[in-house]
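Trainee: Sequence and predicted model, in that order:
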Amino acid sequence: MSSVVVVGLQWGDEGKGKITDFLASRADMVVRYQGGNNAGHTVVVGDDEFKLHLIPSGVLYPGIKCILGNGVVVNPAVLLQEMADLKKRGIDISGIRISDRAHLVMPYHPMLDQLDESSRTVGKIGTTGRGIGPAYVDKYARYDAIRFVDLLDPAFFKERIAEVMAIKNNLLDKLYGHEGFDFSRIYKEYAKYAEELRPLVTDTSVLVNAAIKQGQKVLFEGAQGTLLDIDHGTFPFVSSSSSAAGGACTGSGVGPTKIDKVVGVIKAYSTRVGEGPFPTELPENMVSLLRDGRGREYGVTTGRPRRCGWFDGVLAEYSVRVNGVSDLVVMKLDVLDKIETIKICTSYQYRNTFLKEFPASLKVLAECTPVYEEMPGWRTDTTAIQEFKDLPVQAQNYLKRIAELADAPIAMISVGWRRNETIINHNIW
Ligand code: GDP
Ligand code: IMO
Ligand code: MG
């Protein structure tokens with residue numbers, strides 16, 4: 001296998017970072033194809049923890065090529081800080097390249113994001129406040145967007161910043177009575193970023209396609225998750241990019257014929273951060289069952305406690321379908337180790353009918369009650385188990401039910417945050 005997409009199947013934080021890092025041990029290149037520093041991907045190596053927001057999670061292997069594709073929106077200050085932090089920790093960052101077609105997150109984007117959220121009494125999305133929505137709005141509205149190719153020409157870059165900042169300052173004033181940003185300060189700051197990042201900017205589609213052509217192993221690392229995808233998610237409570245597997249093609253300049261496998265990363269239960277529907281959510285008095293202990297369900301980017309709930313088979317079938325998942329990776333099985341009875345949602349009851357397919361309408365979803373099957377827990381520590389056959393039979397049955405509901409085979413099972421706490425059923429590469 002040469003090219004593999006890693007995609008989150010729920011509402012993000014499934015453990016994509018751990019799995020990307022795991023698969024990257026045999027990869028030549030890892031490509032981020034969408035999102036920005038709203039993402040927070042954790043990789044644990046021994047006792048060291050790395051939290052990555054923009055740089056692909058393969059970066060920990062020396063010599064690996066790490067691409068920020070055209071679909072990513074990049075905050076240069078955050079990227080440079082992340083690069084400096086990794087370098088300080090002895091990580092080789094020489095393989096990082098940025099697409100000349102990727103868009104820049106400018107200082108007015110987080111400001112607009114936060115002002116928009118805080119000014120709403122209804123319709124809050126619960127964003128990360130990192131300016132990701134406003135950056136994609138500018139991309140799709142076209143004229144006000146600034147791309148990395150623009151910073152290759154310093155005079156033009158200056159002109160673009162001046163032009164767009166005048167528009168944004170006017171908008172900030174009219175909409176929010178905000179004083180706006182000082183052009184010379186922002187220009188000076190961004191001219192410095194441009195100087196530092198210019199050598200990394202290139203047509204990354206050429207690099208990715210060449211790697212595939214040469215038979216190198218290329219991983220595409222999704223950020224967020226399918227239910228946060230702008231098209232397939234629980235709209236409007238989604239992020240603003242194409243996190244589903246299709247986004248790997250548009251977000252990196254690679255054709256669909258070049259993708260060999262789609263690895264769907266899914267937790268053995270469900271979580272969500274921010275607002276929006278969550279059919280299998282546990283009530284506040286039960287949530288610590290999954291959030292605390294080994295769950296550690298607190299956001300990497302914002303530190304917010306994650307909402308937690310049971311595994312949702314309706315959602316899993318939907319995500320496997322819209323991504324064309326070839327292999328599942330079930331994460332955080334160990335979090336369920338102590339639970340006596342585990343619930344698994346097999347359909348939704350909507351008025352007098354049972355839905356097997358995830359509905360588009362949030363009004364319908366709000367009226368859906370999950371239909372649960374109860375499965376006995378295994379009450380055994382699974383973190384040291386290395387093979388499926390050595391898992392307690394209750395855990396094996398639970399995983400089999402997940403695969404059946406999701407309609408995809410399980411390639412790997414994660415039983416802890418460390419690299420070696422991983423069970424391999426079949427090799428993905
Ligand atoms: P991502 O955004 O999909 O990369 O996931 P995050 O890093 O935001 O959240 C996943 C969290 O679960 C991180 O703290 C990981 O270290 C942790 N994690 C990953 N796999 C496992 C596992 O199998 N068991 C446990 N207990 N934690 C895990
Ligand atoms: P990773 O890659 C979980 C959520 C936010 C909010 C919604 C919109 O770590 O899985 P945004 O700032 O993107 O406009 O917020 O999306 N969200 C995430 N939730 N994991 C993420 O990334 C997320 N990125 C955004 O909480 O509900
Ligand atoms: Mg995360």
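Mentor: Looks like it arrived, so ask away. Quick caveat: nothing in here was measured; it's all calculated off a predicted structure. Numbering: from 1, shown residues only. Ligands and ions are numbered 1, 2, ... in the order given.
Trainee: what's the following helix or strand after the lengthiest helix in the chain?
Mentor: Ranked by residue count under DSSP state H, the longest helix found in the chain is helix 154-176. Toward the C-terminal end, the helix or strand that comes next after helix 154-176 (DSSP states H and E) is helix 183-197.
Trainee: Report the mean per-residue pLDDT for that next one.
Mentor: Averaging pLDDT along helix 183-197 gives 96.
Trainee: Which secondary structure elements does that helix sit against?
Mentor: Applying 3 or more C-beta pairs under 8 Å, 6 or more residues apart in numbering; DSSP states H and E, we find helix 183-197 packed against helix 76-88, helix 154-176. Every C-beta, even on glycine, is put in place using the N, C-alpha and C of the backbone.
Trainee: Pull the contacting residues for the residue in the stretch 251-400 of the chain positioned nearest to ligand 3.
Mentor: The minimum distance from the stretch 251-400 of the chain to ligand 3, using C-beta to the ion, falls at residue 300 (4.7 Å). Shown in contact with residue 300 (C-beta atoms under 8 Å, 6 or more residues apart in numbering): 13, 40, 41, 42, 51, 53.
Trainee: beta partners of the fourth one?
Mentor: Taking DSSP bridges, one obtains residue 51 as the residues bridged to residue 42.
Trainee: Give me the three-state assignment for residue 123.
Mentor: Assigned with DSSP: H, G, I helix; E, B strand; the rest coil, residue 123 falls in the coil class.
Trainee: count of residues packed around it?
Mentor: 10 (other C-beta atoms under 10 Å).
Trainee: Who does residue 266 form a beta bridge with?
Mentor: Beta-bridge partners of residue 266, as defined by DSSP bridges: residue 330.
Trainee: so it makes contact with residue 332?
Mentor: No: counting by C-beta atoms under 8 Å, residue 266 does not reach residue 332; the two are 9.6 Å apart.
Trainee: more neighbours, the two?
Mentor: residue 266 (30 against 25).
Trainee: Nearest residue to the residue of the stretch 251-400 of the chain closest to ligand 3 in space, please, no chain neighbours.
Mentor: residue 40 (2.7 Å; C-beta to C-beta, 6 or more residues apart in numbering).
Trainee: Could you measure from the closest residue to residue 254 other than its chain neighbours over to ligand 1?
Mentor: Closest residue in space to residue 254, ignoring its immediate chain neighbours: residue 208 at 5.5 Å, by C-beta to C-beta, 6+ apart. Using C-beta to the nearest ligand atom, to the nearest Å, one gets 21 Å for the distance from residue 208 to ligand 1.
Trainee: Repeat that for residue 308.
Mentor: 12 Å.
Trainee: Residue 297 is in contact with that residue, correct?
Mentor: Yes: judged on C-beta under 8 Å, residue 308 makes contact with residue 297 at a distance of 5.6 Å.
Trainee: can you list residues touching both of the two?
Mentor: Joint contacts of residue 308 and residue 297 (C-beta under 8 Å, 6+ apart) are 271, 290, 291.
Trainee: Closest one of these to ligand 2?
Mentor: Checking those against ligand 2 by C-beta to the nearest ligand atom gives residue 271 as the nearest, at 8.0 Å.
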